[in-house]
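1. I would like the atomic coordinates for the input below:
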Amino acid sequence: MRETTLKEIASALGISITTVSKALKNYPDVSDKTKKAVVALAKELDYTPNSFAVNLRTKESKTIGLIIPEVVHHFFSGVVNGIIAEAEKNGYLVIILQSNESLELEKKQVALLINKRVDGILMSLSNESNDDVHIKDILKKEIPFVQFDKISKLIPSSKVIINDQKAAMDAVQHLIDMGCKRIAHIRGLENPQNAIDRFLGYKKALEKNGISFDPALVYPCQSITFEQGVEFAKQILEEEDKGIDGIFVITDLVAVGVLAHFNEKGIQVPNQFAVIGFSNWFVSQVITPKLSTVDQPNYEMGVEAFNLLLEEIVCRKEVRVFEPKTVELKTTVVVRESTMKNK
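-> Okay, the predicted model is just below:
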C-alpha cells in the first residue's frame, strides 16, 4: 500500500507543504482552523511521518544498538530487560544483536549499527574479542558507547561492571571458611577480562589465607557449557590424589554440570566436594543440592548501562563535553546447600 505524502495533503487542502508540516507539529504560527483541517485529513488518509527523513533532519533515530554474546543466557536476559525498560521510558527502541561469542560476527554487527545511524551502542564483548579496532571505530565516529560485563579496560568509554576480582575472592573465602583447603578453580576462557579477574581473585584469596597456589588445580574451560562442567567433574574424580575438597566455578552453567555428574556418581556435596558458582542463575535454586553462588545484579546493570548511554547522547546533542564514567555494582555471596559443610 502506497504511503500518503505531505504534498498530497497540501494539494487537497490548497495550502503549502510547509504549512502542512508546521500544522502537524503544532507550530503557533498556524491557525487552529488550519491545524484541525490538516490533522483530520492526515488521520483520514492514514498519514505517517517518514522516519528516515525525520532522522536526517534531526540527526536522531531514537534507536540504540545492543550487542550481547547470548540472548538466552540468564544473566544477559536480565540485562536486556533492564535496558529495554529504561529505553521505553525514554522513547527509544533497542536493536538487539547476538554475537554468539564470535569476534567476526561482532565486527559485522558493529558495522551494521554504525550504518543504521543508531544514537548509541551498548556492548558486552564476545569471548573471542582480542581485537578492538571495530570498537575504536565507534569512538572515532563519536557514537555514544557503553560497555558492560565483559569489557576492554583499554577502551576509553563508559562502563558498567562488577568487581570480578573481589567477587571471586569472596566466593573462595566462603569455601575456606567452610573448611576447604584444596580448592580447584574451573576458570573461564583466556580473553574475557571478567574471567581473568575471577582467576586473579581466586589466587588472591588463597594467598590471603596462606594457602599455596597450585596450577594443577586450575581447569581452563574451552567453552562455557553444561557439558564442560560434566567433563571437569569426571576429571576431578579421576584425580583423587590431588585431594580437592572445594571447587570455585567460573559460572553457574558450568557448575550445574559439575553437580549433575556428582549426583549421578553418588558423590556427597558438600561433604566430599563443596561447590560454588557465579551469576545466580535460576537453575542454581532448583538443582539438588541447591548451588551456592555469587549474585550479579543483571537487571540493574541494564538500567545503569542505558542511563549512562542516554547521558552521553544528551551531552553530544547539546555539544557538551562528556567524560566517560565507570559504574561498579555490588555483588553478594548467596550461600546454599552445595557449600554448607559440616566442619
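2. can you give me the strands in the stretch 51-200 of the chain?
-> 63-68, 93-98, 121-123, 145-148, 158-162, 183-187 (DSSP state E, counting those that start in this stretch).
3. redo these as JSON lines? Include mean pLDDT.
-> Shown next, in JSON lines, are the strands of the stretch 51-200 of the chain (pLDDT from 0 to 100):
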{"stretch": "strand 63-68", "mean pLDDT": "97"}
{"stretch": "strand 93-98", "mean pLDDT": "96"}
{"stretch": "strand 121-123", "mean pLDDT": "98"}
{"stretch": "strand 145-148", "mean pLDDT": "97"}
{"stretch": "strand 158-162", "mean pLDDT": "97"}
{"stretch": "strand 183-187", "mean pLDDT": "98"}
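4. with distance to residue 105 added, can I get those strands in CSV?
-> Bear in mind the C-beta positions are built from the backbone N, C-alpha and C, glycine included. As requested, the strands of the stretch 51-200 of the chain are arranged in CSV below (distance: least, Cβ to Cβ, whole Å):
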stretch, distance to residue 105
strand 63-68, 9
strand 93-98, 8
strand 121-123, 12
strand 145-148, 17
strand 158-162, 22
strand 183-187, 24
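5. out of those, nearest to residue 268?
-> strand 183-187 (16.8 Å; Cβ to Cβ).
6. ok, that closest one: who's next to it in the sheet?
-> strand 218-220 (parallel), strand 246-249 (parallel) (DSSP bridges).
7. ok, back up a step: make a markdown table from the strands of the stretch 51-200 of the chain and add mean neighbour count and distance to residue 139 to it.
-> Putting those into a markdown table (neighbours: other Cβ atoms under 10 Å; distance: least, Cβ to Cβ, whole Å) gives the following:
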| stretch | mean neighbour count | distance to residue 139 |
| --- | --- | --- |
| strand 63-68 | 24 | 14 |
| strand 93-98 | 16 | 19 |
| strand 121-123 | 28 | 10 |
| strand 145-148 | 27 | 6 |
| strand 158-162 | 23 | 11 |
| strand 183-187 | 25 | 30 |
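8. how about the ones you listed, which one is nearest residue 215?
-> Closest approach to residue 215 among these is made by strand 183-187 (10.0 Å; Cβ to Cβ).
9. could I get the closest one in CSV with only the CA atoms?
-> The C-alpha coordinates for strand 183-187 follow below in CSV (Å, rounded to 0.1, in the frame of the first residue of the first chain):
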residue,chain,number,x,y,z
ILE,A,183,40.3,-25.6,46.2
ALA,A,184,40.1,-26.1,42.5
HIS,A,185,39.1,-23.4,40.0
ILE,A,186,37.2,-24.1,36.8
ARG,A,187,38.3,-20.9,35.1
